[in-house]
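> starting from these lines, generate the structure:
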Amino acid sequence: MDEATARALIEDHFEWAGKDEVRASEIYADDAVIEFPQSGERLRGKANIIAFRTAYPADVTFEMHRIIGCDHLWVNEYTIRYNKEKPHKVVGIMEFRDGRVFRERLYINEPWEPPAWRAQWVELMTEKDQRGERADRT
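Just a heads-up that it's a prediction; the model follows:
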């Protein structure tokens with residue numbers, strides 16, 4: 001899949017996610033699987049994906065930060081908010097087959113305060129850095 005097509009499909013997906021789950025789910029193959037490794041759950045089939053997301057008991061919003069990939073493998077970095085509350089950082093890995101996502105793995109994390117013991121080795125990232133908007137600095 002060429003880059004322009006993949007980006008357009010992903011951008012359209014996130015434009016409609018949380019607003020119109022049928023439209024947002026056009027990106028998925030009928031036999032698509034979404035996996036949540038942290039909870040050990042798997043959604044199997046486009047119909048179940050739509051039903052799950054339509055029934056979700058919270059208002060969900062997305063802020064896309066970065067889309068990177070090539071051919072059939074694409075990685076999305078974004079922030080998700082449930083009921084406009086605390087942001088959760090997400091990395092989603094989408095695998096495409098015949099122009100549709102057949103497998104997606106979602107890693108969702110709550111932010112945490114960095115522990116003081118490691119301050120001597122790290123630098124704090126700016127908000128832009130955290131969103132992937134700036135390249136690494138040396």
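
> please count neighbours and contacts with C-alpha atoms only from this point.
OK.

> which residues in this structure form helices?
Using DSSP state H, the helices of the chain run over 3-16, 21-24, 46-55, 127-130.

> could you say what helices and strands the first one packs with?
Translated: helix 3-16. helix 21-24, strand 60-70 (3 or more C-alpha pairs under 8 Å, 6 or more residues apart in numbering; DSSP states H and E).

> from the chain's centroid, how far away is the first one?
Spelled out, that is helix 21-24. 15 Å (C-alpha atoms, centre = their mean, to the nearest Å).

> flag the shaky bits of this structure, pLDDT-wise.
Within the chain, the ranges that satisfy pLDDT under 70 run 133-138.

> quick one, what contacts the residue nearest the centre of it?
Nearest to the geometric centre of the chain sits G92, at 3.9 Å (C-alpha atoms, centre = their mean). Contacts for G92 (C-alpha atoms under 8 Å, 6 or more residues apart in numbering) come out as V75, N76, E77, E104, R105, L106, Y107.

> these: which two are farthest apart?
E77 and E104 (13.0 Å; C-alpha to C-alpha).

> quick check: the gap between the spatially closest residue to A32 that is not a sequence neighbour and V122.
Closest residue in space to A32, ignoring its immediate chain neighbours: F102 at 4.1 Å, by C-alpha to C-alpha, 6 or more residues apart in numbering. F102 is 38 Å from V122, where distance means C-alpha to C-alpha, to the nearest Å.

> higher neighbour count, these two?
More crowded of F102 and V122, by other C-alpha atoms under 10 Å: F102, with 21 against 8.

> lovely, talk soon.
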